[in-house]
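> Build me a structure from this.
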Amino acid sequence: MSETTPLPGYAELAALVGELRSELAAARAEIAGLRAENAQLRAENAELKQRLGMNSKNSSKPPSSDGLARPASLRKPSGRGPGKPRGTAGAR
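Numbers count the residues shown, from 1 in each chain. Down below sits the predicted model:
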């Protein structure tokens, strides 16, 4: 026959419930703190993303603060390669 473990008494169960309640309260407090921190970090992230998108054209910053980015070329690619066309004298 198999041995069975004795069932816990009322005092043990009451102590266990009290312990679980205190752990639940601590977990709820930690969750509330993490939610507040998450909201703060989301707001900071949104502000930094907005700042990152600013340049001299959409803010009061001087053009010298735009960095070393070169303006996009207005020339359209022709599709031809460099050098002399193939098949002509002197071409490789």
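> burial of D66, as a residue count?
Neighbourhood size, D66 [other Cβ atoms under 10 Å]: 12. Glycine gets a C-beta too; all of them are placed from N, C-alpha and C.
> Give me the distance between it and V17.
64 Å (Cβ to Cβ, to the nearest Å).
> Next: N38.
Counting by Cβ to Cβ - N38 and V17 are separated by 31 Å.
> remind me which residues of this protein are low pLDDT?
Low-confidence segments of the chain (pLDDT under 70): 1-2, 91-92.
> element containing the residue positioned nearest the centre of the chain?
Geometric centre of the chain, nearest residue: N45, 8.4 Å, by Cα atoms, centre = their mean. Assessed by DSSP states H and E, N45 sits inside helix 10-52.
> Just the element for K76, please.
Using DSSP H and E, K76 falls outside every helix and strand.
> Report how many residues lie close to it.
6.
> related to what we said a few turns ago, any idea how far G87 is from the residue nearest to the centre of the chain?
For N45 relative to G87 (Cβ to Cβ), the value is 59 Å.
> Please apply the same query to E37.
For E37 relative to G87 (Cβ to Cβ), the value is 69 Å.
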